[in-house]
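Novice: Okay, sequence plus prediction incoming.
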Amino acid sequence: MPSAGIWIRLKAFTLDYLWVFLYLCVVGLLTVVIAPNLQDYFNGPAGIAQLTGFLLVTLPVSLYFAIGDSFLFNGTYGKRKMKIQVVDGQGQPIGIVRSIVRTILKFLPWELSHFLVYRLVSLGEGEFPLHLMLIGSLVYLLIFVYILSVIFSKENRSLYDRLSGTKVVC
């Protein structure tokens, strides 16, 4: 099975993000029109705001990818449309646990950026703490490494694929 290159993976991810965007529109509609009181949770203390964001956004999106990429569906909508699949080292569809680990690693920069944003909003006009600068730097470093690892590795494997023992194949 040949490895899927970065462009086909990017197309699959774009197709998946159309579904994610639609879901985010539903969440927006829910929190603005149907249940505006939910906004209080997003505007509350940083921990509550982040937990609310995690439960309404990160967790459902992560579950979409974790369940979709596992043997249960053999690929998310985008991957199936692009005819690619996440497999283990033996070329077999991955189990749910490995898919969850892969998804956690894949979306680590996204969740770290959420953590950072919630802390920055509550920071106000004060000094910018070093630990927040380091987290921001880590977000960009991880994204950069993830992209470069797909581009420059022989098997087009990202760092999160290597760490989770997976690869994306055609």
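Specialist: Done, it's in.

Novice: in the lowest-mean-pLDDT helix or strand in the chain, what counts as buried?
Specialist: Sorting the helices and strands of the chain by mean pLDDT, DSSP states H and E puts helix 39-42 at the bottom, at a mean of 83. Along helix 39-42, these residues count as buried under the neighbour rule (16 or more other C-beta atoms under 10 Å): residue 41. For the C-beta atoms, the positions are set from N, CA and C on the backbone; glycine is no exception.

Novice: who's in contact with that helix?
Specialist: Residues outside helix 39-42 that contact it (C-beta atoms under 8 Å, 6 or more residues apart in numbering) are 31, 32, 48, 49, 52, 53.

Novice: do that again at 6 Å, thanks
Specialist: Contacting residues not belonging to helix 39-42 are listed as 31, 48, 49, 52 [C-beta atoms under 6 Å, 6 or more residues apart in numbering].

Novice: Pull out the buried members of these.
Specialist: 31, 49, 52.

Novice: which residues touch the last one?
Specialist: So the one you mean is residue 52. Residue 52 touches 41, 42, counting by C-beta under 6 Å, 6+ apart.

Novice: so how far is residue 145 from it?
Specialist: 30 Å (C-beta to C-beta, to the nearest Å).

Novice: ditto for the second one
Specialist: Using C-beta to C-beta, one obtains 28 Å as the distance from residue 49 to residue 145.

Novice: With adjacent residues omitted, what lies nearest to residue 164?
Specialist: residue 102 (3.9 Å; C-beta to C-beta, 6 or more residues apart in numbering).

Novice: before we move on, which element is that neighbour in?
Specialist: In this assignment (DSSP states H and E), residue 102 forms part of helix 96-106.
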